[in-house]
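Trainee: Below: sequence and its predicted model.
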Amino acid sequence: MKGQPSAPDHAVSKQDKTSTINTTKQRQFSHRKPTIIGTYNVHTLRETEKRGNQETLTFKQSDRFHQLIHGCEEKGIDIVTIQEHRLPAADGINTYIEIYNNKEWRFDFCSATKTTQGNHLGGIGLLTSSKAGKSLTATTKMSERIITATFAGNPLTTVIVAYAPTEEKPKTEKDNFYNQFIKCAHETSPHNMLVIAGDFNAGIGEDSHQSNPRVIAKHVLHKATNDNGSRLVEFCEATNTRPTQPRFPHPKSRIWTWQPDANRNAKDGKNRAQLDHILINGKWINSVKNVRAFNSIDQNQLRAPRETKNKRLKFDWRKLKDNEELQEQYTVTIQNRFNALRREDDRDDMQPKYDRFVTAIKEAAKSTVGLVRKKAPKNWVSSETIKFLKARNKSKRNKCANMKQLNQDLLDSYEQDRINYLEEKLQQLKEAAKANKLRTT
């Protein structure tokens, strides 16, 4: 297996406080580039090595952790919220650094809960890539089931890791979790991009969409909502957050996130459930471009909302407005492609048919009207100003006596360029108004 990780001797850093601050120089978290965020119930990351009669927690050469990072690296995932790692550790936030393919992966986690039998259950954490880790400013343990993380940027990004009690847990335990959960969400600034990801053990059904379509979109797996699902819907209403996955149409094989071990190899789809969810505050709901579930082993069982790396095609439909010949050509092209689709095998599932339909539309439009060609914005600074800038910088380095005059010349040149740019824009607006093409400016 390529890229075997090497762990430093001080791999696990135990923290006494509930919050850790990344003291390295933070890089702004970019919202212009695609970022993939996932949630994953790993069931366990624990591996032990025996030293005498004692078992000691170790991350070194951990197969499970290596596979987790390998899957994230392969899929380009930057942030993963982890549930049920079952790792015993010190109180508060613990940090583990793993070097993989010369990149630093950071795992912030809190200890699992020790049972009366001596086992450890639960435990949550946040895994970040080297890119996301450079923007991480703080991680805070709110409870055994909730961790918050803040990433530098404009706006700030807050990620909440959550692991809700299962459906059969007592009502008081669920109430305590959601009271803390709502408080945590309300304490987050409304200007932040808030992403909440975790295992909520919540089945949201079609009845929730019918009763509250503003919050719950229609693409859900279940018919009826369970108790945890109702609590999650109420949480979304109280905090103005939205489940992201129901917004995107996918086949059921890309929606379910859990199935019992006894049904692991079954192909009938029975007993599968959609229990893991990723939420985002309503202000930023349109920032999410796609959400789907990954359920097979080779896809590492990661569920990630993904901003597509393929740019949306924009066709120049304005060409069809006044060009009758092009309209006729487009109509003929569409008809020919539709006739070809009718000859396809009718036994195919609906999804392949729909994909071929969309492809036919795009190919016809691309071959006739073409794509919108975005013009590169013109630099408003002239080459003369650039010369003044280089001369001023050179004079500043050499501490020349005429530096003050060069600086004034540079400022005057900037001001003249600004005037020229605004006059040119004004002239473009006048010409566009005469031609009734204001949308082009």
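Mentor: Looks like it came in fine.
Trainee: Just give the closest residue to residue 37, not the sequence neighbours.
Mentor: Nearest residue to residue 37, sequence neighbours excluded (C-beta to C-beta, 6 or more residues apart in numbering): residue 79, at 4.6 Å. Where you see a C-beta, it was placed from the backbone N, CA and C, and this is true even at glycine.
Trainee: Do I have it right that that neighbour meets residue 130?
Mentor: No. Counting by C-beta atoms under 8 Å, residue 79 sits too far from residue 130 to count as a contact (11.9 Å).
Trainee: Of these two, which one has the most company?
Mentor: residue 79 (28 against 15; other C-beta atoms under 10 Å).
Trainee: The more buried one and residue 125, how far apart?
Mentor: Counting by C-beta to C-beta, to the nearest Å, the separation of residue 79 from residue 125 is 11 Å.
Trainee: Please, which helix or strand holds residue 127?
Mentor: Using DSSP states H and E, residue 127 sits in strand 124-128.
Trainee: cool, and residue 208?
Mentor: Per DSSP H and E, residue 208 falls inside helix 206-211.
Trainee: Repeat that for residue 430.
Mentor: Counting by DSSP H and E, residue 430 is part of helix 403-435.
Trainee: Show me what that helix is packed against.
Mentor: The contact analysis (3 or more C-beta pairs under 8 Å, 6 or more residues apart in numbering; DSSP states H and E) places helix 403-435 against helix 383-398.
Trainee: Would you mind listing the buried residues in the helix it packs on?
Mentor: Neighbour counts over helix 383-398 (16 or more other C-beta atoms under 10 Å) mark 385, 388, 391-392, 395 as buried.
Trainee: swap in stretch 406-418?
Mentor: For stretch 406-418, burial by neighbour count (16+ other C-beta under 10 Å) applies to 406, 409-410, 413-414, 417.
Trainee: circling back: got the contact list for the residue nearest to residue 37?
Mentor: 35-38, 126-129, 132, 159 (C-beta atoms under 8 Å, 6 or more residues apart in numbering).
Trainee: any idea how far residue 159 is from it?
Mentor: Applying C-beta to C-beta, the value for residue 79 to residue 159 is 6 Å.
Trainee: and what of residue 88?
Mentor: Residue 88 sits 24 Å away from residue 159, going by C-beta to C-beta.
Trainee: the more surrounded of the two?
Mentor: Counted by other C-beta under 10 Å, residue 88 and residue 159 do not tie: residue 159 has more neighbours, with 23 against 15.
Trainee: From the contact counts, what lies against the helix or strand encompassing the more buried one?
Mentor: Using DSSP H and E, residue 159 sits within strand 157-163. Applying 3+ C-beta pairs under 8 Å, 6+ apart, one finds that strand 157-163 contacts strand 79-83, strand 124-128, strand 146-151, helix 171-186, strand 193-199.
Trainee: wait, which of these is closest to residue 258?
Mentor: Closest of these to residue 258 is strand 193-199, at 8.2 Å (criterion: C-beta to C-beta).
Trainee: Sheet-wise, list the partners of the closest one with their directions.
Mentor: Each strand paired with strand 193-199, and its direction, by DSSP bridges: strand 157-163 (parallel), strand 276-281 (antiparallel).
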